[in-house]
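# Mind folding the following:
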Amino acid sequence: MPKAIIIGAGIAGIASAIRMAVKGFDVEVFEANGYAGGKLAQIEINGFRFDAGPSLFTMPQYVDELFILANKNPQDYFQYKQLDEICRYFYEDELHLTAYSNIDKFADEVAGKTKSSAIEVKNFLNKSATIYDVTHKVFLERTLHKLKSYLHWDTLKSVFRFSKIDAFRSQHDANEKFFKDKRIVQLFDRYATYNGSNPYQAPATLNVIPHFEYHFGAFLPKKGMYGIVESLVKLAEDLGIKFHYSQRIDAISYEHKKIKGIQVEGRLVEADVVISNLDIWFTYKNLLKNFPEPKKLLNQERSSSALIFYWGMKNTYPELGLHNILFAENYKAEFDAIWKEKTIYADPTVYINITSKHIKTDAPVGNENWFVMINVPANVNQNWDKFISEAKQNILDKIYRILKKDLSVDIICEQILDPRGIESKTGSYQGSLYGNSSNNQFAAFLRHPNFSSEIKNLFFCGGSVHPGGGIPLALLSAKIIDQDLKI
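Predicted coordinates:
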């Protein structure tokens, strides 16, 4: 039986392990942390449970597909429900919008409360659907780095429709053409942050992202986001996959340009295939000893990071839903602070996720679990302790202005995650959440491939390589390896 080793038990690493087991491999997963999930982790404090990382679940079919591949019923392992609301938006001028999953209802909400019309919303989402139609088979579901990917009729069709993906203007410039109301421009500009980019620089191709939510839907796992990890680990173990936790890899071993295995705790663990789910930067810097680095790629601008406050709150707040955004008044100034000044804007856009709205066991009765996040620059040795203190007060001030409530008296317990902690806990260089940013027209198309062209049977998965960051794309990185692997 051929042997596959997976480095890292992030969501893409677990998916790769399952796919290798289905192919008939003996699979072992080595994880530096004492738990699986990578960024998709959870925290428990004083009776409150928090999903520590990604909080929005879209494209559940990519999770279900793993169970189906293994001839299992997905419902036996994993349940989720579709949300009627995608997000609630709050602006400093007292505008409150609810983005309903029903497009007609959402379009009417926008038309009834802003200067933009329902047809503007629908035209925009039609454009989002077009970008998806052109790109998903060619870009999202295949490697861009092998000739065979281009020997498909749908690839040729996509090449002829390339102009439809809107790659030659910024996302913000495109959105200004779609919407009369600058607040709706801001609402759709925010989708650049889904892969840690700047809407004033990133290509309008990123306007594909709303299609994931408004066409396929937004969902919530019944056990929270960490339920995705738990269910996939259970599936993996049922398939005979072995997990080694608190096992930090020393090196990837290769000889004569062919994989040999890994070095861990002074010993060689041999393998026919090695798949690294570690950030590509650390894979080259720490694990591929005496191997030439792809310096141009590793020196590309990193994505943004996050500062997260996990707050146990002693009251409930009916004006808030599961997902909430409190927008900065000057959005461009916020992105300039992050990308040009490498600092945190004094009036940050605040994201609040409250899973106890739906999962009552996530907080004690009469309380709520608040995941409060702002976008921040990657770590380049800023004074984070000072940043955190200032940001917390600015967040509380913003919530007070918009919700008219002093939340400082309601915080029962707190835990904080900043870019330094993100790097140390998840192996993400500089704490960047999505590897390299997509702040130019072709950066999203120039991510590291899912395979090594120099070492046979060495592969790469996860958010720092093709096709990109976020749960759906990380799962697709594992699928691309599955499709390309030949032993």
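
# report the longest helix in this structure, please.
helix 384-403 (DSSP state H).

# For it, the averaged confidence score.
Mean pLDDT, computed over helix 384-403, is 97.

# So which bits of it are buried?
Buried positions in helix 384-403, judged by neighbour count with 16 or more other CB atoms under 10 Å: 384, 387, 388, 391, 392, 394, 395, 396, 398, 399, 402, 403. Bear in mind the C-beta positions are built from the backbone N, C-alpha and C, glycine included.

# Which secondary structure elements does that helix sit against?
Packing contacts for helix 384-403, counted by 3 or more CB pairs under 8 Å, 6 or more residues apart in numbering; DSSP states H and E, involve strand 305-313, strand 323-326, strand 350-353, strand 368-376.

# Give me the residues contacting the helix or strand encompassing residue 476.
Secondary structure from DSSP states H and E places residue 476 in helix 471-484. Applying CB atoms under 8 Å, 6 or more residues apart in numbering, the contact partners of helix 471-484 are 10-13, 15-16, 19-20, 23, 40, 54, 57-59, 62-63, 65-66, 140-143, 146, 212, 228, 275, 450-451, 459-463, 465-467.

# Pull out the buried members of those.
Counted by 16+ other CB under 10 Å, these give 10-13, 15-16, 19-20, 40, 54, 57-59, 62-63, 65-66, 140, 142-143, 212, 228, 275, 450-451, 459-463, 465-467 as buried.

# And the helix holding residue 476, what's buried?
For helix 471-484, by 16+ other CB under 10 Å, it's 471-482, 484.

# Quick check: of those, which lies closest to residue 259?
Taking CB to CB as the measure, residue 481 is the one of those closest to residue 259, at 13.3 Å.

# Now that closest one: closest residue in space, sequence neighbours ignored.
Nearest non-adjacent residue to residue 481, counting by CB to CB, 6 or more residues apart in numbering: residue 459, 4.7 Å away.

# cool, and residue 414?
residue 311 (5.6 Å).

# Surely the one you found touches residue 416?
No. The pair residue 311 / residue 416 is not scored as a contact, 9.8 Å apart, by CB atoms under 8 Å.

# Quick check: beta-bridge partners of the residue nearest to residue 414?
Judged by DSSP bridges, the bridge partners of residue 311 are residue 370, residue 414.

# Could you list the buried residues of stretch 242-262?
243, 244, 247, 249, 251, 252, 253, 254, 259, 260, 261, 262.

# Which two of these have the greatest separation?
Checking the buried residues of stretch 242-262 with CB to CB, the most distant pair is 243 and 254, at 23.8 Å.

# Which residue of residue 311 and residue 416 possesses the greater neighbour count?
residue 311 (26 against 15; other CB atoms under 10 Å).

# any idea how far the more buried one is from residue 48?
8 Å (CB to CB, to the nearest Å).

# Identify the contacts common to the two.
In terms of CB under 8 Å, 6+ apart, residue 311 and residue 48 are both contacted by the residues 369, 413.

# Nearest to residue 408, out of the helices and strands packed on helix 384-403?
Checking these against residue 408 by CB to CB gives strand 305-313 as the closest, at 10.1 Å.

# Now find how far off-centre that closest one is within its chain.
Relative to its chain's centre, strand 305-313 lies at 17 Å (CA atoms, centre = their mean, to the nearest Å).

# In terms of secondary structure, what does that strand contact?
Judged by 3+ CB pairs under 8 Å, 6+ apart, strand 305-313 is in contact with strand 42-45, strand 48-51, strand 368-376, helix 384-403, strand 411-417, helix 419-426.
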